[in-house]
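Asker: One predicted model, sequence on top.
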Amino acid sequence: MIAVVDYGAGNLRSVTNVLNRIGAQYQVVDDGRSLIGATKILLPGVGHFGQLCDALDKRDLRSTLVDALNNGVSYLGICLGMQVLFAQSEEAEGSRGLSIFNGSIRKFDSSERIPHMGWNTLESRAKSALLEATDSEQYAYFAHSYFCPVIDSTTFTTSYDSNFSSVIEHGNIFGLQFHPEKSGQLGIDIITKFVGL
Amino acid sequence: MLAKRIIACLDVANGRVVKGVNFLDLRDAGDPVELAARYDAQGVDELVFLDVAATVENRSTLVDLVSRTARNVFIPLTVGGGISSVDEARAVIRAGADKISINSAAVWRPELVHELSNEFGSQAVVLAIDARRDGEMWRVYTKGGRQAEQMDVIEWAQNAEQLGVGEILLTSMDADGVQAGFDLPLTSAVREAVRVPVIASGGAGALGDFSTILKVADAALAASVFHFGTFSIAEVKQYVADAGIVVRK
């Protein structure tokens, strides 16, 4: 069963619309207990890093999530759902993420327009299980002001002000900074790949 | 590299697309869900639904429209028209909208910007400004362009940025519906005054209008030229790309 995590702020509708389109079975869950037994976890995040971290504790999701990730359950975090895999963010200094990855989420430099809003290209950095590198440009839809640094597990980067991680893959753990549910066919293909893993 | 966006706007009333000149004389321009799918197939980067007949009665019609569109079209969707509270915004966001566009309600009660960006994040809040030149300044208009406000467009844009808007959708009432080109001076002035992306709207009539405005604006929005088939979105993108501007293909 695919669990789509509802932590109270995210707009899940667009993600579940894609799951419906590709005929994937899923369940929307909003606390840790209902997450137990999930074979795949999808966390579409919008809003504020601090809000999400608070919700993880309030809804008893944090330890169940970390256990699931450690036990090999496939996880796909979208936007904030990717950022929360890191330990901390400039967006909410006191808040604690899931600390799967080292490093910290930073705000874009003010030399660029903020938010980073619109379609930008994905540059391949390492082999990916979700998306094949192509010779032609691959555009995805972004809407964010904070970004994940490039780390060992980064498979695609995107350039805005500087290079940041647009796709991260670490074993069973996947993160996308862009919105696959709003990136047309490219995004539908990525979610289909994840569902079929 | 971040691409400049071509956005199609669908003015909707009672579940249908409509279009008028200078905000008046509305004509039927088709079924919104069908049009949205057609524009998506042509490569549009984003869609905007503006409910120009926003009333309490047809709010559920709008929510239903958003929901049906979001089930079929997997690109960003902004919805506006008469949204004046967090609850109203939540209804369209839950239906599948990615961003909400606010206009008059924010002019009359600027804290609305802050409330919405707090709740949904800045990236989900678009401030629509209807602007008309008035001597040396541009004046803010509300009520779909019918009411002049004692407010300067540049100051309002800067205030709203402080309050947390993620984007400004700037419509030139002088240029709107006339199809004689986007309003370059207005767009340049606002874009220089803020750090959020600025979408230029009003005045698209020829392919060259898009390449001209996109040298300044982050995105260009049009309605009638697409609805009435003057040219397709694919033609606009090809033209703009040939002019050396980065667009998604």
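Answerer: Now that the structure is in, tell me what you want to look at.
Asker: how about B:Ile233, what does it touch?
Answerer: Contact analysis of B:Ile233 by CB atoms under 8 Å, 6 or more residues apart in numbering or on different chains lists B:Ile6, B:Ala8, B:Tyr39, B:Gln42, B:Gly43, B:Val44, B:Phe226. All C-beta atoms are positioned from the backbone trio N, CA, C, and that covers glycine.
Asker: Show me the shaky parts of chain A.
Answerer: By pLDDT under 70, the low-scoring segments of chain A are A:10.
Asker: Give me every residue in it lying close to chain B.
Answerer: Chain A comes close to chain B at residues A:9, A:11, A:13-14, A:17-18, A:20-21, A:46-48, A:110, A:113-121, A:137, A:139, A:141-145, A:159-160, A:179, A:181-185, A:187-188, as judged by CB under 8 Å from any CB of the partner chain.
Asker: Would you list the buried entries among these?
Answerer: Taking 16 or more other CB atoms under 10 Å in any protein chain shown as the criterion, what is buried in these is A:9, A:11, A:13-14, A:17-18, A:46-48, A:113-121, A:139, A:141-145, A:160, A:179, A:181-184, A:187-188.
Asker: who in chain B is up against chain A?
Answerer: Counting by CB under 8 Å from any CB, chain B sits next to chain A at B:1-5, B:40, B:45, B:67, B:70-71, B:74-76, B:93-98, B:119-124, B:166-167, B:195-197, B:218-219, B:248-249.
Asker: Just the buried ones among those, please.
Answerer: In the residues of chain B next to chain A, the ones that pass as buried (16+ other CB under 10 Å) are B:2-5, B:40, B:45, B:67, B:70-71, B:74-76, B:93, B:95-98, B:119-124, B:166-167, B:196-197, B:218-219, B:248.
Asker: Among the residues you listed, which ones are in strands?
Answerer: Using DSSP state E, the members of those that fall within strands are B:Arg5, B:Glu167, B:Ala219.
Asker: Report pLDDT for the residue nearest to the last one when sequence neighbours are not counted.
Answerer: What that stands for is B:Ala219. Ranked by CB to CB, 6 or more residues apart in numbering or on different chains and with sequence neighbours excluded, the top spatial neighbour of B:Ala219 is B:Arg5, at 3.7 Å. Per-residue confidence (pLDDT) for B:Arg5: 98.
Asker: Give me the helices and strands touching the one helix or strand B:Leu10 maps to, please.
Answerer: Using DSSP states H and E, B:Leu10 maps to strand B:5-13. Packing partners of strand B:5-13 (3 or more CB pairs under 8 Å, 6 or more residues apart in numbering or on different chains; DSSP states H and E): strand B:16-21, strand B:24-30, helix B:32-42, strand B:46-51, strand B:198-201, strand B:219-222, helix B:233-242.
Asker: Of all the residues in it, which ones are buried?
Answerer: B:Arg5, B:Ile6, B:Ile7, B:Ala8, B:Cys9, B:Leu10, B:Asp11, B:Val12, B:Ala13.
Asker: Compare the mean pLDDT across the helices and strands packed on strand B:5-13 and name the weakest.
Answerer: Out of the helices and strands packed on strand B:5-13, strand B:24-30 stands lowest, with a mean of 71 (criterion: mean pLDDT).
Asker: how about the strand ranked longest in chain A: buried residues?
Answerer: What stands out as the longest strand in chain A, according to DSSP E, is strand A:162-170. Across strand A:162-170, burial judged by 16+ other CB under 10 Å covers A:Phe164, A:Ser165, A:Ser166, A:Val167, A:Ile168, A:Glu169, A:His170.
Asker: Could you report the distance from A:Leu42 to chain B?
Answerer: Separation of A:Leu42 from chain B (CB to the nearest CB, to the nearest Å): 16 Å.
Asker: Now do the contacts for the residue nearest the centre of chain B.
Answerer: The centroid of chain B falls nearest to B:Leu169 when counting by CA atoms, centre = their mean (5.0 Å). Residues in contact with B:Leu169 (CB under 8 Å, 6+ apart) are B:Val48, B:Thr78, B:Ser101, B:Val126, B:Leu127, B:Ala128, B:Ile129, B:Ile199, B:Ser201, B:Leu221.
Asker: for A:Arg113, same thing?
Answerer: Taking CB under 8 Å, 6+ apart, we find A:Arg113 in contact with B:Arg195, B:Val196, B:Pro197, B:Asp218.
Asker: quick check, nearest of those to chain A?
Answerer: Of all these, chain A sits closest to B:Pro197, with 4.9 Å by CB to the nearest CB.
Asker: Leaving out the residues flanking it, which one is nearest to that closest one?
Answerer: Using CB to CB, 6+ apart, the nearest residue to B:Pro197 is B:Asp218, at 3.9 Å.
Asker: With A:Leu176 instead?
Answerer: Leaving aside its sequence neighbours, A:Leu176 sits nearest to A:Ile78 (CB to CB, 6+ apart; 5.3 Å).
Asker: what's residue 17 in contact with, if anything?
Answerer: With no chain named, the answer covers chain A. Neighbouring residues of A:Asn17 by CB under 8 Å, 6+ apart: A:Glu181, B:Ala70, B:Arg71, B:Phe74, B:Gly96.
Asker: my bad, chain B
Answerer: B:Val17 makes contacts with B:Leu10, B:Asp11, B:Asp28, B:Ala29, B:Gly30, B:Asp31, B:Pro32, B:Leu35, B:His227, as judged by CB under 8 Å, 6+ apart.
Asker: Please name the residues that touch the residue nearest to it when sequence neighbours are not counted.
Answerer: The shortest distance from B:Val17 to any non-neighbouring residue, by CB to CB, 6+ apart, is to B:Ala29 (4.3 Å). Shown in contact with B:Ala29 (CB under 8 Å, 6+ apart): B:Asp11, B:Arg16, B:Val17, B:Val18, B:Lys19, B:Leu35, B:Ser224, B:His227, B:Phe228.
Asker: if you set the cut-off to 10 Å instead, what comes out?
Answerer: By CB atoms under 10 Å, 6 or more residues apart in numbering or on different chains, the contact set of B:Ala29 is B:10-12, B:16-20, B:35, B:223-224, B:226-228.
Asker: Same check on B:Lys237?
Answerer: Contacts of B:Lys237 by CB under 10 Å, 6+ apart are B:Ala3, B:Lys4, B:Ile6, B:Gln42, B:Gly43, B:Val44, B:Asp45, B:Phe210, B:Ile245, B:Val247, B:Arg248, B:Lys249.
Asker: Pull the most distant pair out of those residues.
Answerer: Spatial extent of the contacts of B:Lys237 (CB to CB) is set by the pair B:Gln42 and B:Ile245 at 17.7 Å.
Asker: Who are the packing partners of the lengthiest helix in chain B?
Answerer: The helix that spans the most residues within chain B, counting by DSSP state H, is helix B:59-72. Applying 3 or more CB pairs under 10 Å, 6 or more residues apart in numbering or on different chains; DSSP states H and E, one finds that helix B:59-72 contacts helix A:13-21, strand B:5-13, helix B:32-42, strand B:46-51, strand B:77-80, helix B:86-94.
Asker: Perfect, I'm done here.
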